[in-house]
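Novice: sequence first, then the predicted structure, then my questions.
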Amino acid sequence: MPHISTGFGDLLDPRFQQIFHENLDQLPDMLPTLYNFPAGNGRNNMTWSQVGTLPDFTEFTGSINYSEQSQGYDTTSTPVEFSGGIQTERKLYDDDQYNIMDQKPMALSNAYHRTRQKHGARILNNAFSVDNFFYNNSESVSLCSNSHTTNSGASTASGFDNLGTASLTATAVAAARIQMVGYRGDQADRISVMPDELWYSPHQYEQAHEIINSSGKLDTANSNVNVHQNRYTGHEWNYLTDINNWFMMDSTMKKQMLHWVDRTPLEFAMVEDFDTLLAKWRAYCRYSNAHTDWRFIFGASVS
């Protein structure tokens, strides 16, 4: 519906000392902390693939044993279009005593920022289910799962589980770290994983702060050293919708395996309708995100 004079009488009344507009601060942009931003390829979508590792050497008994690598899983990210718009009556725009209507493009920008953050958090909020809104991964398993697979034929009995269920405690963080450093590659061989981040909702701030910053073990009278002190960077994110779930990540691997693609950066346009004198502002963008491997993250789905 267009903004018209009868709906905004206060803007036409010069007696008001001040009328506030978009005066609430936006939450910080967490996407650069979470995602890698690859350059666009000029096509409708972006596809990644993998080639696995070679198995161990075998004893030489007179003839070379030639090994082979396996094709990994494919990920295809397809940018989705998003837009927003507002309409304002010419009379209201002209008679507005506080220039509120002149600031409406800023309101569109704030709405874009908020939408973008929610979509950025989607990769974690939907980490325990297969989410194909922005991308498809041919493994067809949720980002955090105890059912990860490999194309090499190697056993996945150990080192292919990045799912937990325990609440955020020092004990659970220690168990998650052990689980992460035990991750294995596609040949089921050991790989280097260095967990150094915790991601959690505001409801878990106190517990996370104590785990990361306490010099001694929590809630004990002993002087035992807290092994978690300064080991992790804490990221509190308001857009995490489950107040109990939490995540541990390897920040280096995260930037290699988690991607955000801005196919069309935010753009604005304005036009006035010739017959109705309605001014129209619109904003448009097109983006997607994707993960190409799961080994950067551990997720706790806490019931």
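Specialist: Nice, I can see it.

Novice: where exactly do the strands run in the stretch 201-303 of the chain?
Specialist: 233-236, 246-249, 258-272, 278-291, 297-300 (DSSP state E, counting those that start in this stretch).

Novice: want to throw these into CSV with mean pLDDT, distance to residue 128 and mean neighbour count?
Specialist: C-beta: built from backbone N, CA, C; applies to glycine. Below are the strands of the stretch 201-303 of the chain laid out as CSV (pLDDT from 0 to 100; distance: least, C-beta to C-beta, whole Å; neighbours: other C-beta atoms under 10 Å):
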stretch, mean pLDDT, distance to residue 128, mean neighbour count
strand 233-236, 97, 19, 15
strand 246-249, 98, 11, 25
strand 258-272, 90, 16, 15
strand 278-291, 90, 13, 19
strand 297-300, 98, 7, 25
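
Novice: out of those strands, nearest to residue 140?
Specialist: Nearest to residue 140 among the strands of the stretch 201-303 of the chain is strand 278-291 (13.0 Å), distances taken as C-beta to C-beta.

Novice: if I look at residue 46, how far off is residue 39?
Specialist: Note on residue 46: its distance to residue 39, by C-beta to C-beta, to the nearest Å, is 10 Å.

Novice: should've said residue 169
Specialist: Using C-beta to C-beta, one obtains 41 Å as the distance from residue 169 to residue 39.

Novice: what is the least confident helix or strand in the protein?
Specialist: Taking mean pLDDT, DSSP states H and E as the measure, the helix or strand of the chain with the lowest value is helix 90-95, at a mean of 70.

Novice: who does the next helix or strand after that one touch, helix- and strand-wise?
Specialist: Once the chain leaves helix 90-95, the next helix or strand it forms, by DSSP states H and E, is helix 104-125. Applying 3 or more C-beta pairs under 8 Å, 6 or more residues apart in numbering; DSSP states H and E, we find helix 104-125 packed against helix 31-34, strand 80-89, strand 258-272, strand 278-291.

Novice: just the C-alpha atoms of the longest one, please, in CSV.
Specialist: What follows is strand 258-272 as a C-alpha-only set of coordinates in CSV (Å, rounded to 0.1, in the frame of the first residue of the first chain):
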residue,chain,number,x,y,z
LEU,A,258,31.6,-22.0,3.4
HIS,A,259,30.8,-19.6,0.6
TRP,A,260,28.6,-16.6,0.0
VAL,A,261,27.9,-15.5,-3.6
ASP,A,262,26.6,-12.0,-4.4
ARG,A,263,25.4,-12.5,-8.0
THR,A,264,23.8,-9.0,-8.0
PRO,A,265,24.8,-6.6,-5.3
LEU,A,266,22.1,-4.4,-3.8
GLU,A,267,20.8,-1.8,-6.2
PHE,A,268,18.3,1.0,-5.8
ALA,A,269,16.0,2.7,-8.3
MET,A,270,13.2,5.4,-8.1
VAL,A,271,10.5,6.5,-10.5
GLU,A,272,7.3,8.7,-10.2
